[in-house]
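K.L.:
turn this into a model:
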Amino acid sequence: MSFPDDPVAWARATAESRVAVVLVTLRVDNDCRMVSSVVDAGGHVLGLLPDPSMEAFQHVLAHGATSAVDWNADPEQIVDVAIAAAQEMSLIPAAVVRSISAGGPVPHTPTITAEEAQWLLSLAAGTTVAALAFEVGYSERAMFRKLHDLYVNLGVRNRSEALIAAERSGILRTNLQPEPPRPRSA
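P.N.:
This is a model prediction of the structure:
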(Lines give C-alpha, C1' and ligand atoms only; values in the text may rest on other atoms or scores of the structure.)
Protein backbone atom coordinates (compact mmCIF):
# COMPACT_ATOMS: atom_id res chain seq x y z
CA MET A 1 0.00 0.00 0.00
CA SER A 2 1.32 3.44 -0.94
CA PHE A 3 0.48 6.92 0.24
CA PRO A 4 1.70 9.10 -2.65
CA ASP A 5 1.95 12.88 -2.41
CA ASP A 6 0.51 13.20 -5.92
CA PRO A 7 -2.17 10.51 -6.48
CA VAL A 8 -2.69 11.52 -10.12
CA ALA A 9 1.00 11.13 -11.03
CA TRP A 10 1.14 7.88 -9.05
CA ALA A 11 -1.94 6.52 -10.88
CA ARG A 12 -0.42 7.50 -14.24
CA ALA A 13 2.90 5.82 -13.43
CA THR A 14 1.36 2.69 -11.90
CA ALA A 15 -1.40 2.22 -14.46
CA GLU A 16 1.12 0.95 -17.00
CA SER A 17 2.40 -1.91 -14.82
CA ARG A 18 -0.62 -2.75 -12.64
CA VAL A 19 -4.05 -1.52 -11.67
CA ALA A 20 -3.82 1.61 -9.54
CA VAL A 21 -6.61 2.16 -7.00
CA VAL A 22 -6.85 5.49 -5.23
CA LEU A 23 -9.17 5.98 -2.27
CA VAL A 24 -10.76 9.42 -2.39
CA THR A 25 -12.82 10.81 0.45
CA LEU A 26 -15.59 12.85 -1.08
CA ARG A 27 -16.01 15.73 1.34
CA VAL A 28 -15.63 18.81 -0.89
CA ASP A 29 -16.15 19.71 -4.56
CA ASN A 30 -12.41 19.47 -5.31
CA ASP A 31 -12.58 15.78 -4.43
CA CYS A 32 -14.70 15.22 -7.55
CA ARG A 33 -11.91 16.85 -9.55
CA MET A 34 -9.47 14.40 -7.98
CA VAL A 35 -11.71 11.46 -9.00
CA SER A 36 -11.82 12.69 -12.61
CA SER A 37 -8.07 13.39 -12.68
CA VAL A 38 -7.14 9.95 -11.35
CA VAL A 39 -9.50 8.25 -13.82
CA ASP A 40 -8.07 10.34 -16.69
CA ALA A 41 -4.57 9.21 -15.59
CA GLY A 42 -5.61 5.56 -15.95
CA GLY A 43 -6.27 4.78 -12.30
CA HIS A 44 -9.31 3.42 -10.54
CA VAL A 45 -11.05 5.31 -7.76
CA LEU A 46 -12.79 3.97 -4.71
CA GLY A 47 -14.93 6.79 -3.37
CA LEU A 48 -15.37 6.95 0.40
CA LEU A 49 -18.74 8.60 0.95
CA PRO A 50 -19.47 10.55 4.15
CA ASP A 51 -23.10 10.67 2.93
CA PRO A 52 -23.85 7.25 1.41
CA SER A 53 -27.08 8.40 -0.26
CA MET A 54 -28.23 7.08 -3.63
CA GLU A 55 -27.33 10.43 -5.18
CA ALA A 56 -23.82 10.36 -3.68
CA PHE A 57 -23.15 6.89 -5.13
CA GLN A 58 -24.49 7.93 -8.52
CA HIS A 59 -22.55 11.20 -8.44
CA VAL A 60 -19.15 9.58 -7.78
CA LEU A 61 -19.82 6.86 -10.35
CA ALA A 62 -20.77 9.54 -12.90
CA HIS A 63 -17.31 11.07 -12.31
CA GLY A 64 -15.74 7.73 -13.26
CA ALA A 65 -15.14 6.05 -9.90
CA THR A 66 -14.89 2.27 -10.14
CA SER A 67 -16.79 1.85 -6.90
CA ALA A 68 -17.84 3.60 -3.72
CA VAL A 69 -18.49 2.69 -0.12
CA ASP A 70 -19.82 4.33 3.02
CA TRP A 71 -17.03 6.16 4.90
CA ASN A 72 -18.26 4.49 8.10
CA ALA A 73 -18.34 0.95 6.69
CA ASP A 74 -16.47 -1.84 8.44
CA PRO A 75 -12.79 -1.83 7.46
CA GLU A 76 -13.20 -5.35 6.03
CA GLN A 77 -15.94 -4.10 3.70
CA ILE A 78 -13.77 -1.20 2.53
CA VAL A 79 -10.91 -3.64 1.85
CA ASP A 80 -13.25 -5.96 -0.09
CA VAL A 81 -14.45 -3.07 -2.25
CA ALA A 82 -10.83 -1.91 -2.81
CA ILE A 83 -9.76 -5.43 -3.83
CA ALA A 84 -12.65 -5.60 -6.29
CA ALA A 85 -11.61 -2.22 -7.74
CA ALA A 86 -8.02 -3.50 -8.12
CA GLN A 87 -9.49 -6.39 -10.14
CA GLU A 88 -11.35 -3.83 -12.27
CA MET A 89 -14.67 -4.88 -10.73
CA SER A 90 -17.19 -2.88 -8.76
CA LEU A 91 -19.01 -3.69 -5.54
CA ILE A 92 -21.89 -1.27 -5.10
CA PRO A 93 -25.20 -1.68 -3.31
CA ALA A 94 -27.89 -3.49 -5.28
CA ALA A 95 -30.27 -0.55 -4.79
CA VAL A 96 -27.80 1.70 -6.64
CA VAL A 97 -27.53 -0.81 -9.49
CA ARG A 98 -31.33 -1.05 -9.74
CA SER A 99 -31.67 2.73 -9.73
CA ILE A 100 -29.05 3.21 -12.44
CA SER A 101 -30.58 0.41 -14.51
CA ALA A 102 -34.07 1.83 -14.17
CA GLY A 103 -33.43 5.43 -15.02
CA GLY A 104 -29.75 6.04 -15.36
CA PRO A 105 -27.58 7.99 -12.99
CA VAL A 106 -28.56 11.36 -11.66
CA PRO A 107 -26.97 13.81 -14.08
CA HIS A 108 -23.99 15.60 -12.58
CA THR A 109 -24.72 19.28 -12.27
CA PRO A 110 -21.39 20.88 -11.53
CA THR A 111 -21.06 23.92 -9.35
CA ILE A 112 -19.34 26.63 -11.33
CA THR A 113 -18.90 30.32 -10.72
CA ALA A 114 -20.67 33.03 -12.68
CA GLU A 115 -17.28 33.94 -14.15
CA GLU A 116 -16.74 30.35 -15.36
CA ALA A 117 -20.24 30.33 -16.88
CA GLN A 118 -19.33 33.54 -18.72
CA TRP A 119 -16.17 31.90 -20.07
CA LEU A 120 -18.22 29.00 -21.43
CA LEU A 121 -20.72 31.38 -22.99
CA SER A 122 -17.89 33.31 -24.64
CA LEU A 123 -16.28 30.12 -25.94
CA ALA A 124 -19.67 28.94 -27.25
CA ALA A 125 -20.01 32.25 -29.07
CA GLY A 126 -16.70 31.59 -30.84
CA THR A 127 -14.26 33.56 -28.71
CA THR A 128 -10.74 32.14 -28.79
CA VAL A 129 -8.90 31.30 -25.59
CA ALA A 130 -6.35 34.01 -26.37
CA ALA A 131 -9.10 36.62 -26.79
CA LEU A 132 -10.87 35.41 -23.66
CA ALA A 133 -7.64 35.61 -21.67
CA PHE A 134 -7.08 39.17 -22.86
CA GLU A 135 -10.69 40.14 -22.05
CA VAL A 136 -10.57 38.85 -18.48
CA GLY A 137 -6.99 39.90 -17.74
CA TYR A 138 -5.16 36.56 -17.57
CA SER A 139 -2.18 35.39 -19.55
CA GLU A 140 -3.08 32.85 -22.21
CA ARG A 141 -1.27 30.14 -20.26
CA ALA A 142 -3.15 30.99 -17.04
CA MET A 143 -6.43 30.96 -18.97
CA PHE A 144 -5.67 27.49 -20.34
CA ARG A 145 -4.95 26.29 -16.76
CA LYS A 146 -8.19 27.80 -15.46
CA LEU A 147 -10.15 26.26 -18.31
CA HIS A 148 -8.50 22.89 -17.67
CA ASP A 149 -9.65 23.07 -14.03
CA LEU A 150 -13.14 23.98 -15.21
CA TYR A 151 -13.15 21.02 -17.64
CA VAL A 152 -12.15 18.67 -14.82
CA ASN A 153 -14.98 20.06 -12.70
CA LEU A 154 -17.38 19.42 -15.57
CA GLY A 155 -16.00 15.89 -15.92
CA VAL A 156 -14.78 16.44 -19.49
CA ARG A 157 -11.47 16.50 -21.32
CA ASN A 158 -11.66 19.41 -23.76
CA ARG A 159 -13.52 22.52 -24.88
CA SER A 160 -15.95 20.70 -27.17
CA GLU A 161 -16.96 18.28 -24.43
CA ALA A 162 -17.20 21.19 -21.96
CA LEU A 163 -19.61 23.06 -24.21
CA ILE A 164 -21.72 19.93 -24.69
CA ALA A 165 -21.77 19.29 -20.92
CA ALA A 166 -22.62 22.94 -20.25
CA GLU A 167 -25.50 22.76 -22.71
CA ARG A 168 -26.81 19.50 -21.23
CA SER A 169 -26.64 20.81 -17.67
CA GLY A 170 -28.42 24.04 -18.63
CA ILE A 171 -25.49 26.42 -18.21
CA LEU A 172 -25.73 27.65 -21.81
CA ARG A 173 -29.54 27.80 -21.81
CA THR A 174 -29.63 30.61 -19.31
CA ASN A 175 -30.51 34.13 -20.32
CA LEU A 176 -26.91 35.17 -19.87
CA GLN A 177 -25.29 36.75 -22.87
CA PRO A 178 -21.56 37.06 -23.38
CA GLU A 179 -20.53 40.35 -21.79
CA PRO A 180 -18.71 42.87 -23.92
CA PRO A 181 -14.98 43.01 -23.22
CA ARG A 182 -14.06 45.16 -20.23
CA PRO A 183 -11.29 47.70 -20.77
CA ARG A 184 -8.04 46.48 -19.27
CA SER A 185 -6.62 48.56 -16.50
CA ALA A 186 -3.17 49.94 -17.04
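K.L.:
below-threshold pLDDT in the chain: ranges please.
P.N.:
Residue ranges of the chain with pLDDT under 70: 1-43, 103-110, 173-186.
K.L.:
now do the strands in it.
P.N.:
Using DSSP state E, the strands of the chain run over residues 21-25, 44-49, 67-70.
K.L.:
per-domain residue ranges of the protein.
P.N.:
Structural domains annotated on the chain: 7-103, 114-168, as defined by automatic domain parsing.
K.L.:
end-to-end on the last one?
P.N.:
So that's domain 114-168. From its first residue to its last, domain 114-168 covers 17 Å (Cα to Cα, to the nearest Å).
K.L.:
pull the longest helix from this structure.
P.N.:
Longest helix in the chain by number of residues (criterion: DSSP state H): helix 140-154.
K.L.:
just to revisit the earlier point, want to throw the domains of the chain into a markdown table with mean neighbour count?
P.N.:
No exception for glycine: its C-beta is placed from N, CA and C like everyone else's. Listed next are those as a markdown table, based on neighbours: other Cβ atoms under 10 Å:
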| stretch | mean neighbour count |
| --- | --- |
| domain 7-103 | 17 |
| domain 114-168 | 16 |
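K.L.:
find the nearest non-adjacent residue to M143, please.
P.N.:
Leaving aside its chain neighbours, M143 sits nearest to A133 (3.5 Å; criterion: Cβ to Cβ, 6 or more residues apart in numbering).
K.L.:
having no further points to raise, I will conclude here.
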